[in-house]
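S.K.: Could you work out the structure for the sequence below:
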Amino acid sequence: MDKTAVRNAATVIVLRDRHDDPSILMGQRGASAAFMPNKFVFPGGAVDAEDAQVPLATPLPAVCHDRLADDAPDGLQHALAAAAIRELWEETGLILGRPGTWPGDVPEDWQQFAATGHLPAADRLQFVFRALTPPGRPRRFDARFFLVDAAHIRTDIDDFTHACDELSHLQWIKLRDARSFDLPFITEVVLAEVESRVATEDPPASVPYFRNSDEASLFLRLRGHPMPETD
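M.R.: You can find the predicted model right below:
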């Protein structure tokens, strides 16, 4: 695999106590990680081929599905939502899903999730930011950031015993204190968007897109293209 190729990715920002003293869930990447070593980040990672075939108990909100279609391959929304839920499970042990039985064979990367008796549920994910890693980095990702309220997590939000070891020092960080941690630049930018979303639980009408290409770095807005109504 060409490690310099751009890979689609999904990142999850879990927000706790949003109307009181909000916190976000973050962990620290290892010192030997090829991408953003030692940095505190949100759970997330690249989309796997099998994510597109994973059954969702509930779909993404329509407005988020629409925004994800902007400047993207057709039909990628399902895989991005599934990847977000899988990465949240793998890196934190938290479940965003609904009780249910999986039809047919379960993909290998989803077997532990399925063993909990849940199907992934995407209706509470809110697409809030998109960022393309600049050229010249050891890894490049076209990352979509999803915000979800901790109230919709099915498991104990303080129990990380089922998390893999990709992120260490998993913890709830007060939103007001997050910038005191060693963060990637793009995470600091995303934090500003999260702060603007705390007071409302509705998905955003448009989504910021920080696009870094060989030609330029641009801040764009994804506004979507509504599907025509059918009889």
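S.K.: CA only for contacts and neighbour counts going forward, please
M.R.: OK.
S.K.: Where does residue 136 sit: helix, strand or coil?
M.R.: Under DSSP: H, G, I helix; E, B strand; the rest coil, residue 136 falls in the coil class.
S.K.: Distance-wise, check it relative to residue 22.
M.R.: Separation of residue 136 from residue 22 (C-alpha to C-alpha, to the nearest Å): 35 Å.
S.K.: Looking only at neighbour counts, state which of these two leads.
M.R.: Higher neighbour count among residue 136 and residue 22: residue 22, with 16 against 9, using other C-alpha atoms under 10 Å.
S.K.: where do the strands sit along the chain?
M.R.: With strands called from DSSP state E, the chain shows them at 6-16, 23-29, 40-41, 44-46, 97-99, 118-120, 126-132, 140-149, 167-174, 207-212, 217-222.
S.K.: what sits up against the fourth one?
M.R.: For strand 44-46, the external contacting residues (C-alpha atoms under 8 Å, 6 or more residues apart in numbering) are 7-12, 83-84, 87-88, 91, 141.
S.K.: try the first one
M.R.: Identification of contacts with strand 6-16 by C-alpha under 8 Å, 6+ apart yields 22-25, 42-47, 80-81, 83-85, 87-88, 139-151.
S.K.: Excluding chain neighbours, what is closest to residue 124?
M.R.: residue 148 (6.1 Å; C-alpha to C-alpha, 6 or more residues apart in numbering).
S.K.: Mind listing what's buried along the lengthiest helix in the chain?
M.R.: Longest helix of the chain, by residue count under DSSP state H: helix 76-92. For helix 76-92, burial by neighbour count (16 or more other C-alpha atoms under 10 Å) applies to 76-92.
S.K.: and what of stretch 116-136?
M.R.: Under 16+ other C-alpha under 10 Å, the buried positions of stretch 116-136 are 118-134.
S.K.: Retrieve the pLDDT associated with residue 34.
M.R.: pLDDT, residue 34: 55.
S.K.: Could you work out the end-to-end span of stretch 106-116 for me?
M.R.: 13 Å.
S.K.: Low-confidence stretches in this protein?
M.R.: 1-4, 31-37, 214-216, 224-231 (pLDDT under 70).
S.K.: Kindly export the longest helix of the chain (C-alpha atoms) in CSV.
M.R.: Extracted C-alpha coordinates of helix 76-92, given in CSV (Å, rounded to 0.1, in the frame of the first residue of the first chain):
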residue,chain,number,x,y,z
LEU,A,76,-19.0,7.0,1.0
GLN,A,77,-21.3,8.2,3.9
HIS,A,78,-22.1,4.7,5.1
ALA,A,79,-18.5,3.6,5.3
LEU,A,80,-17.5,6.9,7.1
ALA,A,81,-20.2,6.5,9.7
ALA,A,82,-19.3,2.8,10.3
ALA,A,83,-15.6,3.6,10.6
ALA,A,84,-16.3,6.3,13.2
ILE,A,85,-18.2,3.9,15.3
ARG,A,86,-15.6,1.1,14.9
GLU,A,87,-12.7,3.4,15.7
LEU,A,88,-14.6,4.7,18.8
TRP,A,89,-15.1,1.1,19.9
GLU,A,90,-11.5,-0.1,19.2
GLU,A,91,-9.7,2.9,20.7
THR,A,92,-12.0,3.5,23.8
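S.K.: Counting by contacts, list what that helix packs against.
M.R.: Judged by 3 or more C-alpha pairs under 8 Å, 6 or more residues apart in numbering; DSSP states H and E, helix 76-92 is in contact with strand 6-16, strand 44-46, helix 62-68.
S.K.: Would you format the ones you listed as TSV with mean neighbour count and distance to residue 172 included?
M.R.: Shown next, in TSV, are the helices and strands packed on helix 76-92 (neighbours: other C-alpha atoms under 10 Å; distance: least, C-alpha to C-alpha, whole Å):
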stretch	mean neighbour count	distance to residue 172
strand 6-16	23	8
strand 44-46	22	16
helix 62-68	21	26
